[in-house]
Every structure is written in C-alpha cells, then in structure tokens.
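>>> The sequence isn't on hand, but the structure is:
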C-alpha cells in the first residue's frame with residue numbers, strides 16, 4: 001500500500017493498479033486509534049498496516065485490492081467524494097454483471113450521522129457494493145483528498161460462489177473506469193524513479209512512527 005502513496009504523490013495523470021496478497025494482512029484507516037485496533041484484531045501494531053486513506057479495519061488475503069489516483073488538474077477532481085465512491089462501485093458492479101454475478105448498491109441514507117469506523121466489511125455504508133445472493137458487502141473503499149489530488153484505496157472480497165475470470169474482470173473494470181473519467185486506457189510501465197524510491201517509501205510506512213503517530217520519516 002506504500003506503492004499506492006507513491007503513485008498519489010507522483011501522479012501526472014489518472015492511474016489505476018490492482019494487486020493480490022501473498023499472505024494474510026490487516027489494514028486500518030488513517031484516523032483510527034491504533035490501540036483500539038490492536039484490541040479488536042488481537043494483533044500487535046507491528047503486524048498491522050495503517051493506510052494513508054480513511055475507513056475502517058480490512059482483512060486482506062483473498063481479496064482483490066486496487067488503487068485509483070486522480071491528479072488535481074484533472075476534471076475528475078471536481079467529482080464529489082460520495083459521487084466518486086458510487087461511480088467506482090457502479091463500475092465494479094457492471095464488470096461483475098458481465099460475468100453473471102449480481103450485486104447492488106447499499107442505499108445511502110438521506111441524513112448521515114457521524115460514524116466511528118470499525119470493521120469495514122461488517123459495517124456497510126452508503127454506496128457500498130453488496131452481493132445480491134448473500135446480502136454481504138463485497139466491495140468498499142477509502143479516500144484521501146488533498147491539494148495534489150485524490151487517492152482511492154479499495155478492495156473487493158472474492159466470494160466462493162463466484163465463478164470469476166480475473167483477467168476479463170480487470171479488463172472490464174478498467175474500461176468502465178476510463179469511461180467515467182473520460183479517458184482512454186493505456187498500459188504504462190513503472191518509471192525508473194519508482195525503483196529508486198521503492199525501498200525508502202516502504203520503510204517509511206512500515207515504521208512504528210507511522211503506524212502509531214502517522215509520522216513518516
């Protein structure tokens with residue numbers, strides 16, 4: 001997830017990437033109290049990942065994780081966070097429907113109270129994506145909005161009853177995301193500058209000063 005931050009800081013155009021996990025991990029939101037997260041997950045802080053985006057606790061392992069970055073100069077920067085959240089999940093739903101997997105959007109309440117993020121996939125919020133068959137949340141995301149742009153970190157929990165073709169799903173999803181951003185798809189290789197900075201940024205996000213105090217050094 002540190003790589004997501006590098007993309008955010010260096011984004012000259014909208015970018016999308018996805019990844020899987022080699023081992024099970026647990027991440028938590030930028031604004032969450034790490035002591036509380038330790039208690040809830042029964043994991044020490046050294047085994048946890050603090051995201052640079054908000055949201056709640058997410059257990060990774062079998063999920064399909066993605067990152068979307070939007071630079072501030074791009075017209076998509078003017079899309080409201082709630083509308084962007086809905087648009088992304090509509091794209092995911094369309095890509096799943098092509099593979100005969102039916103989902104629905106969780107209704108967004110007219111009046112939204114202040115909620116303290118907990119376990120992300122046990123507490124659906126407005127415009128989350130739900131599996132029509134099991135009524136379980138299958139896709140959620142967290143965002144960071146700053147002067148330089150928007151960072152979206154999202155995850156899709158692949159269900160055992162799905163017969164998902166991951167390659168075609170990815171092609172469909174990137175196509176639909178390009179549509180809402182009014183861009184064309186283009187595969188880009190990682191620049192040399194990323195290889196030079198990769199170790200440094202990973203170290204920053206793995207330190208306890210980040211996980212506990214949100215300080216990068």
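Here it is on my side, so go on. Bear in mind that the values here come from a model prediction, so they are computed numbers and not experimental data.

>>> if I look at residue 197, how far off is residue 148?
For residue 197, the distance to residue 148 equals 16 Å [Cβ to Cβ, to the nearest Å]. To be clear about C-beta, it is placed using only N, CA and C from the backbone, and glycine gets the same treatment.

>>> got it, and residue 43?
Distance, residue 43 to residue 148, using Cβ to Cβ: 32 Å.

>>> Can you list the helices and strands that the longest helix along the chain packs against?
Scanning the chain for the helix with the most residues, using DSSP state H, yields helix 81-98. With contacts defined as 3 or more Cβ pairs under 8 Å, 6 or more residues apart in numbering; DSSP states H and E, helix 81-98 has these neighbours: strand 103-105, strand 129-131, strand 137-146, strand 149-157, helix 166-181.

>>> Can you get me the centre-to-centre distance for the longest one and its chain?
Relative to the centre of its chain, helix 166-181 is centred 15 Å away, using Cα atoms, centre = their mean, to the nearest Å.

>>> what does the second one give?
Remark: strand 129-131 is offset 15 Å from the chain centroid, using Cα atoms, centre = their mean.

>>> Would you list the strands that it pairs with, along with their directions?
Applying DSSP bridges, strand 129-131 is found paired with strand 103-105 (antiparallel), strand 137-146 (antiparallel).

>>> Now do the buried residues in the shortest one.
Using 16 or more other Cβ atoms under 10 Å as the test for burial, strand 103-105 gives 103, 105.

>>> Same question for the longest one.
With burial defined by 16+ other Cβ under 10 Å, the residues of strand 137-146 counted as buried are 137, 138, 139, 140, 141, 142, 143, 144, 145.

>>> can you put those in CSV and add pLDDT and distance to residue 186?
Output for these, formatted as CSV (pLDDT from 0 to 100; distance: Cβ to Cβ, whole Å):
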residue, pLDDT, distance to residue 186
137, 95, 32
138, 96, 28
139, 96, 25
140, 95, 27
141, 96, 23
142, 95, 26
143, 96, 24
144, 97, 24
145, 96, 25
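
>>> Tell me which residues of whichever strand or helix holds residue 199 come out buried.
Assigning secondary structure by DSSP states H and E places residue 199 in helix 192-206. Buried residues in helix 192-206, defined by neighbour count with 16+ other Cβ under 10 Å: 201, 205.

>>> That helix - contacts with which helices or strands?
Counting contacts by 3+ Cβ pairs under 8 Å, 6+ apart, helix 192-206 is packed against helix 2-10.

>>> Quick one: mean pLDDT for stretch 99-114?
If you average the pLDDT over stretch 99-114, you get 79.

>>> let me redo that: stretch 203-217
Stretch 203-217 comes out with an average pLDDT of 95.

>>> For the nearest residue to residue 23 once chain neighbours are set aside, give me the pLDDT.
Of all residues beyond its chain neighbours, the one nearest residue 23 is residue 61 (7.2 Å), with distances taken as Cβ to Cβ, 6 or more residues apart in numbering. Reported pLDDT at residue 61 in the predicted model: 94.

>>> List the contacts of residue 61.
Residues counted as contacts of residue 61 (Cβ atoms under 8 Å, 6 or more residues apart in numbering) are 21, 23, 24, 25.
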